[in-house]
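Asker: Below is the sequence, then the predicted model.
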Amino acid sequence: MPQKTIEQLLRAAFIACLIVAAILALLPADLMRRTALGGHAEHVIAYLGTAILMGLAFPRGPQLTVQCVLLTMYASALEVGQLYSPGRHASFQDLAFSAAGIVIGGVLLGIARTRMSSGLRREKPAA
């Protein structure tokens with residue numbers, strides 16, 4: 001599959017994550033269903049995956065740190081938006097778990113990028 005097609009698929013998946021996060025964050029409380037993991041683990045996992053997808057979808061975009069800050073701002077906006085959703089409330093603790101997922105995802109992706117680029121530099125051209 002061409003690189004451009006892969007990037008387009010990754011961008012579509014990232015946008016889908018943003019949309020799903022908004023829907024789930026703003027659903028009224030009586031429509032919410034939690035997994036057995038609990039809300040905090042769900043926040044970490046969801047934003048960890050979204051951060052990794054974001055970094056993969058925009059490898060030549062803003063620095064990974066900037067991307068993570070922007071994603072944290074998005075998570076903050078969704079958390080504030082819960083103030084206007086019936087039966088929901090904004091929680092700094094939920095935002096902290098979301099931010100932790102973003103940081104973990106960003107760090108893992110940063111490590112992977114570093115290892116991949118250093119591995120590519122070590123390869124010697126065929127003689």
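Answerer: Okay, I see it.
Asker: contacts, neighbours, all on C-alpha from now
Answerer: Will do.
Asker: tell me which residues of the lowest-mean-pLDDT helix or strand in the chain are tucked away?
Answerer: Lowest on mean pLDDT, DSSP states H and E among the helices and strands of the chain sits helix 92-122, with a mean of 88. Using 16 or more other C-alpha atoms under 10 Å as the test for burial, helix 92-122 gives 94-107, 109-110.
Asker: Thr89 and Ala57, how far apart?
Answerer: Just to correct that, residue 89 is His rather than Thr. Applying C-alpha to C-alpha, to the nearest Å, the value for His89 to Ala57 is 31 Å.
Asker: which one of the two has more residues nearby?
Answerer: Ala57 (20 against 15; other C-alpha atoms under 10 Å).
Asker: The more buried one reaches Glu7, doesn't it?
Answerer: Yes - with contact defined as C-alpha atoms under 8 Å, Ala57 counts as touching Glu7 (5.4 Å).
Asker: returning to what we had before: tell me how far the least confident helix or strand of the chain lies from the chain's centre.
Answerer: 10 Å (C-alpha atoms, centre = their mean, to the nearest Å).
Asker: Same question for stretch 79-91.
Answerer: Using C-alpha atoms, centre = their mean, the offset of stretch 79-91 from its chain centre is 20 Å.
Asker: Just the buried residues of that stretch, please?
Answerer: For stretch 79-91, by 16+ other C-alpha under 10 Å, it's 79-82, 88, 90.
Asker: got the contact list for stretch 5-21?
Answerer: Applying C-alpha atoms under 8 Å, 6 or more residues apart in numbering, the contact partners of stretch 5-21 are 46, 50, 53-54, 56-58.
Asker: Farthest pair within those residues?
Answerer: Ala46 and Phe58 (18.3 Å; C-alpha to C-alpha).
Asker: thinking again about what came up before, helices - which of the buried residues of stretch 79-91 land there?
Answerer: Mapping these onto helices (DSSP state H) picks out 79-81.
Asker: got JSON lines for these, with distance to Ser117 and pLDDT too?
Answerer: What follows is these, written out as JSON lines (distance: C-alpha to C-alpha, whole Å; pLDDT from 0 to 100):
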{"residue": "Glu79", "distance to Ser117": "36", "pLDDT": "96"}
{"residue": "Val80", "distance to Ser117": "39", "pLDDT": "96"}
{"residue": "Gly81", "distance to Ser117": "40", "pLDDT": "95"}
